[in-house]
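**Q** give me the fold of what follows.
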Amino acid sequence: MAAEQGVVHYEVRDQVAVVTMNRPDYRNAQNSVMTYALDDAFYRACEDDRVKVIVLAGEGKHFSAGHDIGSPERDIDVSYPRRAGLWWDHTKHSGGESRFAREQEVYLGMCRRWREMPKPAIASVQGACVAGGLMLAWVCDLIVASDDAFFADPVVKMGIPGVEYFAHPWKLGPRIAKEFLFTGNRMSAQRAYEVGMVNQVVPREELADATMNLAGNVAAMPMFGLSLTKKAINQAEDLMGMHSGMDSAFGLHHFAHAHNAEVGEDSLAGMDARSMKKSNEERG
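**A** Below you'll find the predicted structure:
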């Protein structure tokens, strides 16, 4: 079966649900339409007893350039139903009250929701995996990257201490996380493999097949055993402080937004998608 949901494609191949972000013209930047389409697709995959593994991929040259902060389809001021939490409709408020409620829902809340999917998820990453794109890859249990993939979180350039789903110390280790954020430099797929963030690096033309091969190997295991193993490891991460650490970093993240708005042009320190892309390329 195959179905198309606009900015997200959904297809089931044998026991694997392939969820593909489909905004290639904007490097799969994540607006709210995409966020809720991803949530629909993940919910669908988890509910389908035929599906044992979920693959998250991105159409085109890049996995994801992160949050949509500049495309014509940016929908930051559009109201959506709250699924990840009970914070109020951000469009009815202003300032930090609005931003905090929205980002609790569409960024931190959604990513935590997806991390707890009972079925193993594999990210298939090519090209850019930047800022919010990291969050999408990090909620997955395994990552297969093409040899042209790169990873970066350049938001310290905005005075912000990392993206909302602040998993850096757990996915990279503290020292590498500090280097990653302090410099804003791109991390190659090979370096990401060496520090343990990525499971496999393969030639670009082999990425889809390698991802499906890994998914097939995982799908051969008993479903309940996979679910319990995933839960056990997630719980271990949380016992190492991941959940509470994210809460703490989320507060600092919003303090930075408020500081930017008070002393500068806006909450993003005057940066937009183009300037962030240029900055990231210069630091590559």
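
**Q** where along the stretch 151-284 of the chain do the helices fall?
**A** 168-172, 174-183, 189-194, 207-219, 223-239, 242-263, 273-282 (DSSP state H, counting those that start in this stretch).

**Q** what does the third one contact?
**A** In this case it means helix 189-194. With contact meaning CB atoms under 8 Å, 6 or more residues apart in numbering, helix 189-194 is reached by 125, 143, 145-151, 198-201. In this view, the C-beta of every residue, glycine as well, is placed from N, C-alpha and C.

**Q** pLDDT of it, averaged?
**A** For helix 189-194, mean pLDDT is 98.

**Q** can you give me the buried ones in stretch 48-61?
**A** Within stretch 48-61, the residues that count as buried by 16 or more other CB atoms under 10 Å are V51, K52, V53, I54, V55, L56, A57, G58, E59, G60.

**Q** present the contacts of helix 189-194 as CSV; the columns should include distance to G96.
**A** Formatted as CSV, the contacts of helix 189-194 follow (distance: CB to CB, whole Å):
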residue, distance to G96
V125, 33
I143, 33
A145, 36
S146, 39
D147, 42
D148, 39
A149, 35
F150, 33
F151, 29
V198, 35
N199, 38
Q200, 41
V201, 40
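
**Q** tell me the pLDDT at A219?
**A** On pLDDT, A219 comes in at 98.

**Q** hmm, I was thinking of Y165
**A** pLDDT, Y165: 96.

**Q** and it, what does it touch?
**A** Y107, L108, C111, R112, L134, M135, W138, V139, M246.

**Q** may I have the phi/psi pair for it?
**A** phi -90, psi 80 (degrees, to the nearest 10).

**Q** sorry, back to before: want to try a markdown table for the helices of the stretch 151-284 of the chain, with distance to V19 as columns?
**A** Listed next are these as a markdown table, based on distance: least, CB to CB, whole Å:
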| stretch | distance to V19 |
| --- | --- |
| helix 168-172 | 21 |
| helix 174-183 | 26 |
| helix 189-194 | 21 |
| helix 207-219 | 12 |
| helix 223-239 | 17 |
| helix 242-263 | 23 |
| helix 273-282 | 24 |
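
**Q** and these: which comes nearest S79?
**A** helix 242-263 (20.2 Å; CB to CB).

**Q** which elements pack onto the closest one?
**A** helix 95-103, helix 168-172 (3 or more CB pairs under 8 Å, 6 or more residues apart in numbering; DSSP states H and E).

**Q** can you flag the weakest of those by average pLDDT?
**A** Lowest mean pLDDT of the helices and strands packed on helix 242-263: helix 95-103, a mean of 82.

**Q** who are the packing partners of that helix?
**A** helix 242-263.

**Q** show residues contacting the helix it packs on.
**A** 95-96, 99-100, 103-104, 108, 112, 158-167, 169-170, 266-269.

**Q** just the buried ones from those residues, in ChimeraX syntax?
**A** In ChimeraX, a selection of the buried entries from those looks like this (16+ other CB under 10 Å):
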select :99,100,103,104,108,112,158,159,160,161,162,163,164,165,166,167,169,170,267,268,269
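
**Q** need the helices and strands packed on helix 242-263 in TSV (columns: distance to F255).
**A** Below are the helices and strands packed on helix 242-263 laid out as TSV (distance: least, CB to CB, whole Å):
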stretch	distance to F255
helix 95-103	9
helix 168-172	18
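
**Q** in a helix, that's where A145 is, yeah?
**A** No. Under DSSP: H, G, I helix; E, B strand; the rest coil, A145 sits outside any helix and is assigned strand.

**Q** and it, what are its bridge partners?
**A** Beta-bridge partners for A145, by DSSP bridges, are V125, V201.
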